[in-house]
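Peer 1: Requesting a structural model of the entry that follows:
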Amino acid sequence: MNNASKRLALIVTLGLLFLAATTIALWLLPASVWAQGGGTIYVAPAGSDGPTCGPLAAPCRTVKYAVESRAQPGSHVLAATGTYTDPFTVTVPGLTVEGAGRESRISAGHLWQPMVTFAPGLTATTVFSGFAVQNTMAGSSSFIPTSTTSILVDGSAPTLQNLWVQGGLGAGIWTKGAASPTLRGSVICANNGFQAQNDGSGAVEAAGNWWGTNTPLAGETYTGTVTITPPISVSLALWQPPLGTGSLGSWSGSGSFALNSPATVTVLMNGGGFTPPPGMVILLKAEGGHFADSGGPTINLTLVGGAAQTTFVPTTTHGVFIAAFDTGCSNQAIAGLDYRYHVFLPIVMKNYPPPPPTPPAPTCPATSNASFDLLSTLGAPIDHPDYLHGDLNLSLRGYDPYTAPDETTGFIDYNGATASDPPQLSQLTTFYANNPFPGFAALYQVYGWIWNPTANPNICGGNPDGCVGPIMTYNPAEGRYWDITMTGLTTTPGEKVYLPTRSAELDPALHAKALVLYAEETRLTLGYTRDDTIANGYAVHLENVCVDPNLLALYRAQVNPDGTRKTGNLPALSNGQSLGTALADEMQVVIRDRGAFMDPRSRKDWWQGVSSQASLPIMVRNIPEH
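Peer 2: Prediction:
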């Protein structure tokens with residue numbers, strides 16, 4: 001072994017010893033030494049949750065209880081290895097939540113919500129580190145709500161480091177609001193959605209992470225304002241001591257390999273001054289020889305400090321090929337060495353044509369000159385956090401596209417009485433208000449919601465906010481007389497979107513017609529009563545709409561960081577008032593009457609006085625008496 005190889009081997013060995021010693025010491029240090037401020041709160045699967053849990057001798061059982069019930073500003077929650085299935089929300093500032101590495105798993109398969117949520121207002125002094133986080137909600141839906149993410153950062157700036165975020169059903173990390181977290185030294189890959197999805201106005205600082213590929217791309221790996229450069233990347237190097245003409249150590253394109261002579265293969269993973277968290281494993285596959293440590297053409301290498309070495313023995317004069325894989329992210333090679341054609345490619349396996357440029361994702365305006373009024377609500381406030389409320393945040397339910405031969409993208413004339421003073425969807429944009437109706441862009445079915453006010457562990461895994469239920473279809477026994485509960489409207493990006501009009505006023509002085517019951521950057525829920533609920537009157541959900549930034553800011557000012565109401569006031573809108581702009585070429589609309597999901601295609605109710613294009617026939621349907 002040459003001097004460089006000896007030095008690297010020594011560094012790897014010392015790194016292993018340091019890691020083992022540090023892990024043991026973390027559990028043995030007294031709380032006064034380990035953490036300042038709120039002290040250390042220990043967590044282990046064999047522990048027990050209770051008001052006195054947390055000492056080393058009596059750890060809490062769940063990270064959720066330690067974080068939500070025991071932690072104070074400056075506390076250090078230290079979790080042992082094991083699986084923790086309860087999702088939790090971090091609201092305490094200056095809190096450090098640390099696991100023991102990849103084997104400290106926060107994972108569940110029954111909750112349609114983020115596994116870890118960071119509430120608004122947290123800063124970089126809030127640290128989350130050393131866990132594997134995975135939302136594995138089981139389901140057959142082709143539509144996955146955004147809320148089915150592993151980690152949600154809502155309008156805050158925590159520090160996330162040394163994490164494994166892999167294999168989740170939705171996005172790996174979802175940020176919204178003014179969220180600006182810092183993500184470092186983590187593995188984020190193989191999630192069903194984007195690895196990082198930023199739907200907010202903040203900027204995510206995410207350089208120095210491994211994304212499962214040496215070339216992470218906008219629109220494919222991540223979306224929104226996310227800085228990932230430089231990422232962690234994988235490189236390979238092979239060195240064979242010069243033993244004669246053509247040996248790999250002095251390869252010049254002619255001659256033969258030094259057969260049966262050991263060569264050193266080095267794997268390096270680094271970028272932006274960071275390496276992947278401990279426990280990173282890279283699989284090497286070879287042609288033209290074998291690995292001395294495994295005796296075959298494959299070997300798994302565990303990296304320490306982003307580096308690992310092994311010995312490869314060439315056995316053919318036809319050349320050597322070695323490829324690297326991260327099987328936890330994909331089955332595709334991520335780097336390689338190709339000596340089969342007398343070409344030395346130490347970093348990339350092959351050169352492929354660059355992919356076509358990804359069109360920029362639609363963005364929402366960041367500023368506005370509009371102003372909005374507040375109106376006090378009547379009755380009790382909402383009884384669940386707004387972003388976890390199945391009647392306010394439609395993304396929790398989700399929806400699926402629907403096509404069937406007997407369904408129409410035009411209007412339907414249902415028999416029976418006309419709804420009383422219903423909101424008019426034709427006023428959403430000036431196009432629909434002034435032109436014959438061209439037809440709906442798409443039809444959808446919304447999922448139901450299962451409420452669990454008693455937190456029954458047999459329902460929704462004990463989640464007191466409930467969980468998504470079966471898709472809502474025609475079922476007269478349950479009061480549903482149509483299959484379609486959402487429609488898509490064709491829009492032009494950037495065109496103004498207005499309040500669906502109605503005659504009845506909530507406040508004559510303001511001429512207010514509706515309240516904003518829930519708002520995010522690209523979704524809005526409107527209620528046409530002064531009650532803080534959709535249960536007592538009409539309500540409209542809008543998806544894929546850029547909510548006016550001033551309206552969004554005004555709504556958020558009425559809500560506490562935990563999603564509960566703060567002031568007893570909500571933004572009010574009047575007829576003809578713009579609530580935002582269209583985000584893309586389709587906006588989704590849902591209309592409800594006293595909680596029930598209605599068919600938005602009903603002409604006599606929601607599209608009064610609107611004619612259809614001549615080529616679009618109007619369907620007539622009867623509703624059974626009920």
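Peer 1: Leaving out chain neighbours, which residue sits closest to residue 306?
Peer 2: The spatially closest residue to residue 306, leaving aside those adjacent along the chain, is residue 275, at 2.9 Å (C-beta to C-beta, 6 or more residues apart in numbering). The way it works is simple: take the backbone N, C-alpha and C, and place the C-beta from them, glycine included.
Peer 1: residues contacting the one you found?
Peer 2: Contacts for residue 275 (C-beta atoms under 8 Å, 6 or more residues apart in numbering) come out as 185, 232, 269, 303, 305-307.
Peer 1: how does it look with 7 Å?
Peer 2: Going by C-beta atoms under 7 Å, 6 or more residues apart in numbering, residue 275 touches 185, 232, 269, 305-306.
Peer 1: Ok, residue 397 next?
Peer 2: Contacts of residue 397 by C-beta under 7 Å, 6+ apart are 145, 390, 446-447, 449, 468.
Peer 1: Just list whatever residues bridge to the residue lying closest to it once chain neighbours are set aside.
Peer 2: Closest residue to residue 397 apart from its sequence neighbours, by C-beta to C-beta, 6+ apart: residue 447 at 4.4 Å. Taking DSSP bridges as the rule, residue 447 bridges to residue 471.
Peer 1: Kindly indicate the member of the contacts of residue 275 with the most neighbours.
Peer 2: Within the contacts of residue 275, neighbour counts (other C-beta atoms under 10 Å) peak at residue 232, which reaches 26 neighbours.
Peer 1: ok so, going back, mark which of the contacts of residue 275 are part of strands, please.
Peer 2: residue 269 (DSSP state E).
Peer 1: Select, from the contacts of residue 275, the two members most distant in space.
Peer 2: Spanning the widest gap among the contacts of residue 275 are 232 and 305, at 12.5 Å by C-beta to C-beta.
Peer 1: for the stretch 351-500 of the chain, what spans make up the helices?
Peer 2: 430-434 (DSSP state H, counting those that start in this stretch).
Peer 1: how about low-confidence regions in it?
Peer 2: Along the stretch 351-500 of the chain, the parts satisfying pLDDT under 70 run over 351-361, 453, 455, 457, 461.
Peer 1: burial count for residue 369?
Peer 2: Using other C-beta under 10 Å: residue 369 sits among 6 other residues.
Peer 1: And it, its phi and psi?
Peer 2: Taking degrees, to the nearest 10, you get phi -100, psi 0 for the backbone angles of residue 369.
Peer 1: which secondary element of this protein has the worst mean pLDDT?
Peer 2: helix 31-34 (a mean of 30; mean pLDDT, DSSP states H and E).
Peer 1: Return the residues in contact with residue 379.
Peer 2: Taking C-beta under 7 Å, 6+ apart, one finds 531-532 in contact with residue 379.
Peer 1: just residue 207 next, same as before
Peer 2: 227-231, 272.
Peer 1: would TSV of these with distance to residue 454 be doable?
Peer 2: Below are the contacts of residue 207 laid out as TSV (distance: C-beta to C-beta, whole Å):
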residue	distance to residue 454
227	45
228	44
229	49
230	51
231	46
272	48
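Peer 1: tell me the SS of residue 294?
Peer 2: Per DSSP: H, G, I helix; E, B strand; the rest coil, the secondary structure class of residue 294 is coil.
Peer 1: and it, how many neighbours does it have?
Peer 2: Applying the criterion other C-beta under 10 Å, we find 14 residues in the vicinity of residue 294.
Peer 1: pLDDT score assigned to the residue lying closest to residue 418 once chain neighbours are set aside?
Peer 2: Residue nearest to residue 418 in three dimensions, not counting chain neighbours: residue 604, with 5.0 Å by C-beta to C-beta, 6+ apart. On pLDDT, residue 604 comes in at 91.
Peer 1: just the one 10 residues further on next, same as before
Peer 2: Each residue has a pLDDT score; the one for residue 614 is 66.
Peer 1: how about low-confidence regions in the stretch 101-250 of the chain?
Peer 2: Low-confidence segments of the stretch 101-250 of the chain, defined by pLDDT under 70: 109-112, 137-147, 241-250.
Peer 1: all helices of it, in order?
Peer 2: Counting by DSSP H, counting those that start in this stretch, the stretch 101-250 of the chain contains no helices.
Peer 1: Residue 161 touches residue 188, doesn't it?
Peer 2: No. Applying C-beta atoms under 7 Å as the test, residue 161 and residue 188 come out as separate, 11.9 Å apart.
Peer 1: more neighbours, the two?
Peer 2: residue 188 (31 against 19).
Peer 1: Might you report the residue contacts of that one?
Peer 2: 165, 172-173, 195-196, 209, 211.
Peer 1: Just these: which are in strands?
Peer 2: Among these, DSSP E puts 165, 173, 196 in strands.
Peer 1: Quick one: which of the residues you listed is the most crowded by neighbours?
Peer 2: residue 173 (33 neighbours).
Peer 1: tell me which residues form a beta bridge with the closest residue to residue 331 other than its chain neighbours?
Peer 2: With sequence-adjacent residues excluded and distances taken as C-beta to C-beta, 6+ apart, residue 331 is closest to residue 325, at 7.1 Å. Beta bridges link residue 325 to residue 283, residue 333, judged by DSSP bridges.
Peer 1: shouldn't residue 325 be in contact with residue 333?
Peer 2: Yes. If you go by C-beta under 7 Å, residue 325 and residue 333 touch, sitting 5.9 Å apart.
Peer 1: more neighbours, those two?
Peer 2: A direct count of neighbours by other C-beta under 10 Å for residue 325 and residue 333 places residue 325 higher, at 21 against 16.
Peer 1: Could you measure from the more buried one over to residue 277?
Peer 2: To residue 277, residue 325 is 18 Å away according to C-beta to C-beta, to the nearest Å.
Peer 1: Same check on residue 535?
Peer 2: For residue 535 relative to residue 277 (C-beta to C-beta), the value is 47 Å.
Peer 1: same deal with residue 227?
Peer 2: Remark: distance between residue 227 and residue 277 (C-beta to C-beta) = 20 Å.
Peer 1: neighbour count winner among those two?
Peer 2: The residue with more neighbours, out of residue 227 and residue 277, is residue 277; 24 against 14, by other C-beta under 10 Å.
Peer 1: ok, the closest residue to residue 131 other than its chain neighbours - contacts?
Peer 2: In space, and not counting its chain neighbours, residue 131 is closest to residue 99: 3.9 Å by C-beta to C-beta, 6+ apart. By C-beta under 7 Å, 6+ apart, the residues touching residue 99 are 79, 130-131.
Peer 1: can you do 8 Å?
Peer 2: With C-beta under 8 Å, 6+ apart, residue 99 has these contacts: 79, 81, 106, 129-132.
Peer 1: which one is residue 200 nearest to, not counting chain neighbours?
Peer 2: residue 176 (4.3 Å).
Peer 1: again with residue 424
Peer 2: Residue 424 sits nearest to residue 501 (C-beta to C-beta, 6+ apart), 4.9 Å away.
Peer 1: can you give me the strands for the stretch 201-350 of the chain?
Peer 2: 204-205, 222-223, 226-227, 233-239, 263-270, 281-287, 289-291, 298-302, 307-314, 321-325, 333-338 (DSSP state E, counting those that start in this stretch).
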